[in-house]
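> Could you look at this predicted model? Sequence included:
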Amino acid sequence: MTFFAPPFPGAGASDIDLIRDAGIAGDVDSMNTVAQDMAISDRLAQLVADSDGDAVSLAWILEQLHERAFGLFLLVLALPCCIPFLYGIPQIVALPLMFVSAQILLGRRVPWLPQKLGARAVSTEGLGNLSRRSAPWLKRIEAVSRPRLTALTQAPADRLVGLGLVLFSASILVPLPGTNTVPGFAVVVVAMGLLQRDGVLVILGTLLGTAWIGTLLVAGATLASLIKNWIGL
């Protein structure tokens with residue numbers, strides 16, 4: 001498409017602007033379609049390529065993921081949490097992850113972050129390493145996923161999924177060694193299910209996260225009972 005073609009007969013300056021704007025809008029739609037059809041692992045690599053500077057904010061990442069914002073943003077936030085015994089980054093992303101999950105629970109269609117959470121930054125180098133390390137696993141999930149049980153990936157069933165995501169995100173904040181890995185992986189699987197419209201992945205991720213929450217509750221109750229017995233209460 002060229003913007004230097006002769007104007008239509010009788011077209012004035014405002015008409016030319018409208019024609020040009022329409023062309024630009026068409027290109028934007030085409031770019032959005034390409035991004036929509038791009039493999040998730042490739043989309044994350046593209047996100048790294050588009051980044052500028054040594055660090056990027058969560059607000060910037062969210063702005064880039066407009067075409068599949070909820071699922072991709074959940075994925076970007078949850079992937080660092082899957083790394084065992086990683087401290088610092090999971091605590092940075094857990095609160096925004098819980099905030100975005102709550103928006104799914106409330107039925108919001110477009111995710112939003114308040115300025116304070118959106119200003120949290122991640123290094124471009126770290127984002128690139130995360131993209132490269134996660135790509136083989138994401139490709140494997142993409143290879144076996146397909147649209148099925150799609151009702152679980154859209155309203156109103158997705159609100160129940162949002163409730164589970166809130167609980168899984170909250171468990172990442174528990175300050176115990178290794179507590180971020182299992183719920184982080186559960187969120188990744190659910191996010192992939194939402195992106196691929198695969199209800200089976202949503203179910204698997206939800207079961208994994210729920211089992212983890214149950215394990216934490218049982219372990220906490222057992223520990224509390226042991227402490228009570230030890231101090232003689």
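Noted; the coordinates are in hand.
> Only C-alpha atoms from now on, for both contacts and neighbour counts.
Will do.
> Counting by contacts, list what the longest helix seen in the chain packs against.
Identified as the longest helix of the chain according to DSSP state H is helix 199-231. Helix 199-231 sits against helix 157-172, helix 181-196, with contacts defined as 3 or more CA pairs under 8 Å, 6 or more residues apart in numbering; DSSP states H and E.
> what is the orientation angle of the first one with helix 181-196?
Right, the one you point to is helix 157-172. Helix 157-172 runs at 160 degrees relative to helix 181-196, counting by axes from the mean of the first three to the mean of the last three CA atoms, to 10 degrees.
> Give me the residues contacting helix 157-172.
81, 90-91, 94-95, 97-99, 101-107, 151-152, 179-181, 183-184, 186-187, 202, 206, 209-210, 213 (CA atoms under 8 Å, 6 or more residues apart in numbering).
> In PyMOL, how would I select the buried members of these?
Typed into PyMOL, the line below selects the buried ones among these, using 16 or more other CA atoms under 10 Å:
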select buried, resi 81+90+91+94+95+97+98+99+101+102+103+104+105+152+179+180+181+183+184+186+187+202+206+209+210+213
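> dump the residue contacts of the residue most central in space within the chain.
Nearest to the geometric centre of the chain sits Leu74, at 1.8 Å (CA atoms, centre = their mean). Contact analysis of Leu74 by CA under 8 Å, 6+ apart lists Leu97, Val100, Ser101, Val187, Val188, Ala191.
> Quick check: which of the helices and strands packed on helix 199-231 is nearest to Pro147?
For Pro147, the closest of these is helix 181-196, at 6.2 Å, according to CA to CA.
> what sits up against that closest one?
Here helix 181-196 has contacts from 68, 71-72, 74-75, 78-85, 141-142, 145-147, 153, 165, 168-169, 171-172, 198-206, 208-209, 212, using CA under 8 Å, 6+ apart.
> In ChimeraX, how would I select just the buried ones from these?
The ChimeraX selection below is limited to those of these classed as buried (16+ other CA under 10 Å):
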select :68,71,72,74,75,78,79,80,81,82,83,141,142,145,146,153,165,168,169,171,172,198,199,200,201,202,203,205,206,208,209,212
